[in-house]
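1. Next come a sequence and a model predicted from it.
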Amino acid sequence: MLRVQDLCKTLPNGRKLLNGISFSVEKGEFVGLLGPSGAGKSLTLRCVLGLTSATSGSVDFESPDGNTHSICDLRQNQLRRVRCHIGVIFQGLNLVQQLTVLENVMIGKLGCIHPLRSWLYGFTDREAREAFEALKEVNMESFAERRAYSLSGGEMQRVAIARATFQKPSFYLADEPVSNLDPKNAKAIMKILAQLAKKTSVLGVFHQPDLIAKYCTRVIAIKGGEVVYNGDPKISPRKLADIYGDELQELEISQQNGQELKQMVPATG
Amino acid sequence: MSVLSEYSPKRYLKVSLFLTVMAIAVYFAMKACRVDLASMFESLFTNGDVYLRFIDLDWSTLWHMVKAAAVTVLLAALATPLAACLSIIVAIAGARNISKPWFRLPARISLGLERALPDTVVLFVFIAAFGLGVFPAVFALALGSLGMLGKLWADGIEEVDDKSLEAIRANGGSLWQSIRYGIIPQVMPAIISNSIFRFEVNVRAATVLGGLAGVGIGYELSRAYSLLEYGRMGMAILVIVVVVHLCERFSGFARGKLLISGGLE
């Protein structure tokens, strides 16, 4: 489905953020990305989406129609079409707060809609019904008319998932979908993702080794811009300490700092 | 010890020095402009009967004045939506986070120029182009509002939450779709609120600009003044006060109503 080969990202000042990342994700897999903050997990996802252009290396994505797209070489409009096949689950706080829940879900399909149409009359009844179905799957249908800012963190995260499932993509990318949730909500979200992964595939960034061990089928650990582990999700405590180094104790704090990398690298997508 | 130094007597010395310099400056300025305070006060009170003549309202002109005031309000009602629509376009071109530098600079510079030009100067240019009447007044008002509204909204767009925009792009949205679904919903409350407030400001400005362009209540006032018809003037002033106040009430009411019904508070 997805093949990332030798992905490198170097800042203009010579600092290497990604140093030859290679991995692949096959159909039916639920792959968890793990690593200390600043390791390059989120950046890898951004490169896969084409939001950040990599310095070198390639990202090949196979869409359901059998075509293979080399995401690093695509131009804006082709990129949009490929993004139709990739469902992105952001942190729930990235919803448009002033729109209703239903509208936020429908935004997921913008890639398939001509920009002119979205200015003239927006979405159709059929799309609204489909979005409502997507909300039902995450038990959020009673919130459809509410504005996004009135939701709690867990509810926003469910809406973010509904936005991705509404696209009916063949591949899901999840950037820290459970980072700011309580344990109970985090488990519920992980269950939904594991369910999605059975029919498609999911690549997600997580900070909780225990959740990864329980739900993922494979784990990839990134440290200092390199893949240091790729295999069984049940990582031994020694290996885990090796991955996180001294940061293991500070893991709780660094979860909140996961955004720092995004702000360092300007968006190009 | 910079905090403590604020409480030292030196500070009061500075303040009193500043006040002394200001007083001397005012004295010389008055002398240069030949302001004679004594005769000013004298004329304020010796011609007291002038005020009485204002109060002696000419009620026969009431309907005429109300019609003229309606024209003035219409000037603002035409100019404000015109400026609002145009300034959204200029603001999109002038916002750093969605525009390119070769759009942004001309947009920002033209907005700055419009703010720098006094409304009356713009009006005289338009009077030269269109002749006296409604058109120059409407365009001058619209251009004046454009400069302010455009800058407000360009700044508003730049402050929009980047992450939600990026999420839209990541879902396959184009630039224009991220404007439609990401930026417009987020800046709409400010756009509505500022437009209505600007309408209120424009009603006041339309009194003066309309007067210079020969339409509306401002023109009635200046005509009554040049004919020294104090009763008419009083009537015009009364109508202006009432109408401006009503517009103020309406704008407050509409802002509250629109923002609540739109769920945009």
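-> Okay, I see it.
2. Using the three-state scheme, assign B:Met40.
-> At B:Met40 the chain is in helix, as set by DSSP: H, G, I helix; E, B strand; the rest coil.
3. For the residue of chain B found nearest chain A, which non-adjacent residue is closest in space?
-> Nearest residue of chain B to chain A, counting by C-beta to the nearest C-beta: B:Gly172, 1.8 Å away. The way it works is simple: take the backbone N, C-alpha and C, and place the C-beta from them, glycine included. Excluding the flanking residues, the one nearest B:Gly172 by C-beta to C-beta, 6 or more residues apart in numbering or on different chains is A:Gly111, at 1.8 Å.
4. how much space between the closest residue to A:Lys109 other than its chain neighbours and B:Arg108?
-> In this structure, A:Lys109 finds its nearest non-sequential neighbour in A:Gln167, 5.8 Å apart by C-beta to C-beta, 6+ apart. Distance of A:Gln167 to B:Arg108, given as C-beta to C-beta, to the nearest Å: 37 Å.
5. And those two? Which one has more around it.
-> Ranked by neighbour count (other C-beta atoms under 10 Å in any protein chain shown), A:Gln167 and B:Arg108 place A:Gln167 first, with 25 against 20.
6. Pretty sure that one sits against A:Ile107.
-> No - contact criterion C-beta atoms under 8 Å: A:Gln167 and A:Ile107 do not qualify, at 9.9 Å.
7. what's near enough to touch the residue of chain A found nearest chain B?
-> In chain A, the residue that lies nearest chain B is A:Gly111 (1.8 Å; C-beta to the nearest C-beta). For A:Gly111, the contacting residues are A:80-81, A:83-84, A:167, B:171-173, by C-beta atoms under 8 Å, 6 or more residues apart in numbering or on different chains.
8. What pLDDT is listed against the spatially most central residue of chain B?
-> Closest residue to the average C-alpha location of chain B: B:Val201 at 4.4 Å, with C-alpha atoms, centre = their mean. Listed pLDDT for B:Val201 reads 91.
9. what helix or strand does it sit in?
-> Applying DSSP states H and E as the criterion places B:Val201 in helix B:184-213.
10. and the next element down the chain from that helix?
-> Following helix B:184-213 in sequence, per DSSP H and E, is helix B:216-226.
11. tell me the angle that following helix makes with helix B:184-213.
-> Orientation check (axes from the mean of the first three to the mean of the last three C-alpha atoms, to 10 degrees): helix B:216-226 against helix B:184-213 gives 20 degrees.
12. and the nearest residue to A:Glu137 once chain neighbours are set aside, what does it touch?
-> Excluding the flanking residues, the one nearest A:Glu137 by C-beta to C-beta, 6+ apart is A:Thr165, at 6.3 Å. Counting by C-beta under 8 Å, 6+ apart, A:Thr165 makes contact with A:87, A:134, A:137-138, A:196.
13. can you do 10 Å?
-> By C-beta atoms under 10 Å, 6 or more residues apart in numbering or on different chains, the residues touching A:Thr165 are A:87, A:89, A:105, A:108, A:131, A:133-135, A:137-138, A:172, A:192, A:195-196, A:200.
14. Quick one: buried ones out of the residues you listed?
-> Neighbour-count burial (16 or more other C-beta atoms under 10 Å in any protein chain shown) applied to the contacts of A:Thr165 gives A:87, A:89, A:105, A:108, A:131, A:134-135, A:137-138, A:172, A:192, A:196, A:200.
15. Write out the residues of the stretch 1-150 of chain B neighbouring chain A.
-> The stretch 1-150 of chain B comes close to chain A at residues B:Asn97, as judged by C-beta under 10 Å from any C-beta of the partner chain.
16. What's the first helix or strand after the lengthiest helix in chain A?
-> With secondary structure taken from DSSP state H, chain A has its longest helix at helix A:183-199. Counting by DSSP H and E, the element after helix A:183-199 in chain order, helix or strand, is strand A:202-205.
17. Can you spell out which helices and strands pack onto that next one?
-> Counting contacts by 3 or more C-beta pairs under 10 Å, 6 or more residues apart in numbering or on different chains; DSSP states H and E, strand A:202-205 is packed against strand A:16-25, strand A:30-34, helix A:41-49, strand A:86-89, strand A:171-175, helix A:183-199, helix A:209-215, strand A:218-223.
18. Residue nearest the middle of chain A, spatially speaking?
-> Judging by C-alpha atoms, centre = their mean, chain A has its centre closest to A:Ala174, at 2.2 Å.
19. so what's that one up against?
-> A:30, A:32-33, A:45, A:87-91, A:160-161, A:164, A:189-190, A:193, A:196, A:202-206.
20. buried subset of those residues?
-> A:30, A:32-33, A:45, A:87-91, A:160-161, A:164, A:189-190, A:193, A:196, A:202-206.
21. Poorly predicted segments of the stretch 151-269 of chain A, please.
-> The stretch 151-269 of chain A contains residues with pLDDT under 70 at A:246-269.
22. does any bit of whichever strand or helix holds A:Leu79 sit next to chain B?
-> A:Leu79 belongs to helix A:76-83 when assigned by DSSP H and E. Yes - judged by C-beta under 10 Å from any C-beta, helix A:76-83 comes into contact with chain B through A:76-77, A:79-83.
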